[in-house]
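1. just to be clear, the model below is a prediction. Sequence and coordinates:
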Amino acid sequence: MYKFLVHVRHPTYRLVVKADAPFPSAASESEWRLTRTRGADDVNPEVREAVDRGGYSLFRIGLSLTEIPKS
């Protein structure tokens, strides 16, 4: 299972962690609010890989296309 959380003061930021893992030490759990819990089959493979690799996946809602780096 994976927990999806939204930042309390900056709600465009979303955090995904494994439900049975410790909260990331670089973040304060009190600053995040649980929005949903999903099974692994309902989480994108890239997100699962990021969580497996670093303990979490962090992303931001509402980015514009101009924020994508040009190659």
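-> Ah, there it is.

2. which SSE is the most centrally placed residue in the chain in?
-> The centroid of the chain falls nearest to L15 when counting by Cα atoms, centre = their mean (2.3 Å). Taking DSSP states H and E as the criterion, L15 maps to strand 13-18.

3. now do that strand: everything it contacts.
-> Contacts of strand 13-18 from elsewhere in the structure, counted by Cβ atoms under 8 Å, 6 or more residues apart in numbering, are 1-7, 23-24, 27, 32, 35, 43, 47, 50-51, 55-61. For glycine as for every other residue, the C-beta is placed from the backbone atoms N, C-alpha and C.

4. C-terminal to that strand, what's the next element?
-> Moving toward the C-terminus from strand 13-18, the next element (DSSP H and E) is strand 32-38.

5. residue ranges with poor pLDDT in the protein?
-> For the chain, no stretch has pLDDT under 70.

6. pull the CA atoms of stretch 35-45 into CSV?
-> What follows is stretch 35-45 as a C-alpha-only set of coordinates in CSV (Å, rounded to 0.1, in the frame of the first residue of the first chain):
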residue,chain,number,x,y,z
THR,A,35,-5.5,12.2,0.9
ARG,A,36,-5.7,8.6,-0.1
THR,A,37,-4.2,5.1,0.2
ARG,A,38,-3.7,3.0,-2.9
GLY,A,39,-2.6,-0.5,-3.6
ALA,A,40,0.6,-1.1,-5.7
ASP,A,41,-1.5,-2.0,-8.7
ASP,A,42,-3.0,1.5,-8.6
VAL,A,43,0.3,3.4,-8.5
ASN,A,44,2.3,4.2,-11.6
PRO,A,45,5.5,2.1,-12.0
